[in-house]
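Engineer: this is the structure alone, sequence omitted:
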């Protein structure tokens, strides 16, 4: 069964009475069927968030016209908003270092249709994973980084992202810290996987430190990259139970599974336009549980 | 911080365009702020479900008037609906046999404010748990059941439910099967906990059978009681990991925890007006995950 | 760090006093360090199970001699036993139909070193997944099956398993029922993934039936194949939370993840000689939780 | 079915060859049936840990004699060890402040036989929970604490612990920091529940900080109290999934469940002599998963 094509609006504004009625009405008047509507009110910040799915069959103008018309309504009601179309394939660049588990997971989920995107290219500071890229015929760029070359190599990355028209960068265990110029320019469009349950074990060697602290669960955290390391808005987290039998290496192996799971869920949420960023938090509208 | 008082509407109807806009508009026109609105469309059954939370501060008529006015709107749009008020304390009867774990859990969660209800009485076919009832000063009725007395004792139960003005019956490991007259009369108002992951292990001795089948997880299921044993609409389920070390008795002990958790979650969902029944399924609007 | 090479003994016998002391002593006398020893006593069946890991460095005879010597001890104490060597790479045949998610998962986990085995060949009754086999340079055999050709095609499968010297067959969503001759001949050496939480939803279309029953969690079960469909000894199970929003197709998509996870865990347990079969149950010695 | 009475030895020593054989042999020679034996080798610290369950039926000396005899063997092999008897009821003091959820959970689990102990007394720095103590006829001591009275009141606590012959102190949401004299004197015999997933959110207000960081799961940690706040050896941890809908108050409510679960599991592990402390970590031998 072909999936229904959808138009998705992500909206946020100051909380006030009647915003749902006004918005639902606007779409109704324009002839749209609202397939799904999710809202959230942050009562502490007095902020309102909304995700609306429309049936693309009801589109009787150009996309540009729809957006221009909605912009008028949004301006009148002081809404911040984005509009996405489920038939657009987000172009993704994956950045990796040496470990392949997250990379394989993303590629195979894309191939199986779970992640609706194009993987346009893979960039690495090590040559090890070129073979994986070749297996799936994805362009691979090897950009090694030293302290001296960091800035110039990042410029090459940025050029590649531009050339491939990339929408989203996924750091799938990329073991380099991006400069704040990079993360700033790509704010809200870089997803990183941290192999620890943030805010526990920020920074390096989380499995070693988990072993030393004797924790009984280890976790992983997918978040948007921000200027401060491991401080960006969290999209998804999960944990797995461990015990005294696991050495730091054992924790690392067990942790792979949770890293894979958490990263792919976060990327999926982003690709399906389920995430709104507000300050340093995310509103993540889930479907499945 | 005192919790906001709310009016909750549970609505269902055939799916059609504009129902959200019309409903949101109706409440807006009447001066209500929609605090939260959740919807679900069953595309297979072409059925639409909605849960709306209003701020009770906005109530500027009697409750009766609100309901009469909404009835007109509902009739015009062919909606089935219920209306609940968060300041009403649902009156609950708990039926038990000999095991106390679910009973204790329900009572203590009520005492701590997690379950917003009154526990009006406890009814049992065994005298064992009277002491628990006394500890918490809840009226206790002992109604032993034999094949011969089943009907007459059930009549006494029904009389008690009426006398105490009970809204909801919770079978907290009550080891008697209710007659179909009873379950029919109280349809959608009896919650049962089954100590198995339905539809696996329907009927008796689920832990024994779980042991024999060598399962690696055991579960529990809370559902509305229906005429057919263990066939009613499921509200909540959960499982716990087990292994070869557990005998049937061990499974039963481990299972207590998941029974407690599942039953209290289901009762909470019912008390917070989060459950809509449709055919043999439930739409359960959760908040917390 | 190179992993320690190990010799693993799986032992079972009638329960009786002193069996641990006798066995530990035997290995000690022969100069072996016991790295890890796990036991289980089934008090209902009065049966004793043991898994012993030795350090392969201590091996000062041929493997054949070790086994012959232990056979004498085992015979004296009436032990059933198997002996495995962690440096042996189990030869695995994967059988699939059209869906690739479990196949990809097994192959990539093997490539990343999580599954210590060789994937010798892939056999399918459909041509669809040849491309995946080619990506990873694994021999692919297409053996379509009709009612008439079932037996002759199974003979070809058996011939292939022999030719490739296969130790273990993994049915990674292979949508054909094997004949009882096949399952009997390969007893304890075929692992199947069932896309339901057995014993719930045995047989066909478990996701459809899960939808209709309105369950709140769906599961998957990995088990050794037996003559009766979905009745064999369970190795691993897991579930994932679902809700009313998921159609049968949605359940199937969400279920993929739990199928992958459960199948790879079961295969890993088998490859690491952690599973002992007894009657229709498994003793599965886990390390990690 | 009456449960088997057991003698439990917890043993640790430097790792070396033959320790299992020697120990198993010693018990065999003395006529004991080893019901269950669990070991762990920490390869990094070169340390060996063992938990042995004996059948108390085989005891043919006094307990004192058994311990004296084993002490000789232990001394010869340089073992550290403890010996426990499953028919001894550990005497527990529970310390609380104002919230009742963990207290209720511990008491009712004790009443249902899950926690095999006596709850000898409840001590609180607030009068609020006296009613709970009365319901279950447990002595209640109200010892309010100000900066000036802290030391003198702690002395009264210590006197009470002595008078009631207490073995284990459980801090069930006791919102006072114990002095290092106290924690030092009671090392390994005080279990605290921290309402955060340590080492994340150490210190005060973990739910507020979890909200602000926008985490997607919250947790709880049960640990032995040490001189440094929230730094002691972890016994048990667990988490629960949360989302953007939960305010700090909402997180606190959802967190109650995981606090209850984690604390009672940790207390149970301690009561069943399943925990060995080594440096700042615990070896926790679990049975059930």
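Structural biologist: Arrived safely. In this text the structure is predicted, and so the values were computed from the model without any measurement.

Engineer: alpha carbons only for contacts and neighbour counts from here, please
Structural biologist: Will do.

Engineer: can you report how many residues lie near residue A:53?
Structural biologist: For residue A:53, the neighbour count with other C-alpha atoms under 10 Å in any protein chain shown is 23.

Engineer: name the SS class of the closest residue to it other than its chain neighbours, please.
Structural biologist: Leaving aside its chain neighbours, residue A:53 sits nearest to residue A:8 (4.6 Å; criterion: C-alpha to C-alpha, 6 or more residues apart in numbering or on different chains). Following DSSP: H, G, I helix; E, B strand; the rest coil, the label given to residue A:8 is strand.

Engineer: next SSE downstream of the lowest-mean-pLDDT helix or strand in chain A?
Structural biologist: Ranked by mean pLDDT, DSSP states H and E, the weakest helix or strand in chain A is helix A:206-213, scoring a mean of 89. Once the chain leaves helix A:206-213, the next helix or strand it forms, by DSSP states H and E, is strand A:217-224.

Engineer: what sits opposite the residue nearest to residue A:53 in the beta ladder?
Structural biologist: residue A:53, residue A:84 (DSSP bridges).

Engineer: what's the burial count for residue A:148?
Structural biologist: Counted with other C-alpha under 10 Å, residue A:148 comes out at 8.

Engineer: how close does it sit to residue B:233?
Structural biologist: 65 Å (C-alpha to C-alpha, to the nearest Å).

Engineer: in this structure residue A:57 contacts residue A:7, no?
Structural biologist: No: using C-alpha atoms under 8 Å, residue A:57 makes no contact with residue A:7, being 9.5 Å away.

Engineer: which residues in the stretch 101-250 of chain A form strands?
Structural biologist: A:117-124, A:140-142, A:168-171, A:190-194, A:217-224, A:234-241 (DSSP state E, counting those that start in this stretch).

Engineer: the ones you listed into CSV, with extra columns for distance to residue D:183, mean neighbour count and mean pLDDT?
Structural biologist: Formatted as CSV, the strands of the stretch 101-250 of chain A follow (distance: least, C-alpha to C-alpha, whole Å; neighbours: other C-alpha atoms under 10 Å in any protein chain shown; pLDDT from 0 to 100):
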stretch, distance to residue D:183, mean neighbour count, mean pLDDT
strand A:117-124, 51, 21, 98
strand A:140-142, 55, 19, 98
strand A:168-171, 44, 24, 98
strand A:190-194, 35, 26, 96
strand A:217-224, 25, 27, 95
strand A:234-241, 28, 24, 94
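
Engineer: I'd guessed the residue nearest to residue A:53 sits against residue A:86; true?
Structural biologist: Yes: with contact defined as C-alpha under 8 Å, residue A:8 and residue A:86 form a contacting pair (7.5 Å).

Engineer: mind checking which of these two has more residues around it?
Structural biologist: A count of neighbours by other C-alpha under 10 Å puts residue A:8 above the other of residue A:8 and residue A:86, at 24 against 18.

Engineer: confidence score at the more buried one?
Structural biologist: As predicted, residue A:8 sits at a pLDDT of 97.

Engineer: and what of residue A:231?
Structural biologist: 87.

Engineer: leaving out chain neighbours, which residue sits closest to it?
Structural biologist: Closest to residue A:231 by C-alpha to C-alpha, 6+ apart is residue A:225, at 7.5 Å.

Engineer: contacting residues for that neighbour?
Structural biologist: If you count contacts by C-alpha atoms under 8 Å, 6 or more residues apart in numbering or on different chains, residue A:225 has them with A:183, A:187, A:188, A:190, A:191, A:192, A:231, A:232, A:233.

Engineer: if we use 6 Å, what do you get?
Structural biologist: A:190, A:191, A:192, A:232 (C-alpha atoms under 6 Å, 6 or more residues apart in numbering or on different chains).

Engineer: same deal with residue A:218?
Structural biologist: With C-alpha under 6 Å, 6+ apart, residue A:218 has these contacts: A:239, A:240.

Engineer: report the beta-bridge partners for it.
Structural biologist: Here residue A:218, judged by DSSP bridges, has bridge partners residue A:240.

Engineer: would you quantify the distance from it to residue A:253?
Structural biologist: Using C-alpha to C-alpha, residue A:218 is found at 11 Å from residue A:253.

Engineer: between residue A:57 and residue A:7, which one's more packed in?
Structural biologist: Neighbours of residue A:57 and residue A:7, each counted by other C-alpha under 10 Å, are more numerous for residue A:7; the result is 21 against 12.

Engineer: quick one on the thing from earlier: which one of the strands of the stretch 101-250 of chain A lies nearest to residue C:24?
Structural biologist: Evaluated over these, closeness to residue C:24 peaks at strand A:234-241, with 30.4 Å, by C-alpha to C-alpha.

Engineer: what distance separates the closest one from the centre of its chain?
Structural biologist: 14 Å (C-alpha atoms, centre = their mean, to the nearest Å).

Engineer: what do you get for stretch A:172-189?
Structural biologist: For stretch A:172-189, the distance to the chain centre is 13 Å (C-alpha atoms, centre = their mean).

Engineer: that one - what's its average pLDDT?
Structural biologist: 94.

Engineer: show me which positions of it end up buried.
Structural biologist: Neighbour counts over stretch A:172-189 (16 or more other C-alpha atoms under 10 Å in any protein chain shown) mark A:172, A:173, A:174, A:178, A:182, A:183, A:186, A:187, A:188, A:189 as buried.

Engineer: likewise for stretch A:86-101?
Structural biologist: A:86, A:90-101.

Engineer: quick one: which of those sit in strands?
Structural biologist: Among the buried residues of stretch A:86-101, DSSP state E puts A:90, A:91, A:92, A:93, A:94, A:95, A:96 in strands.
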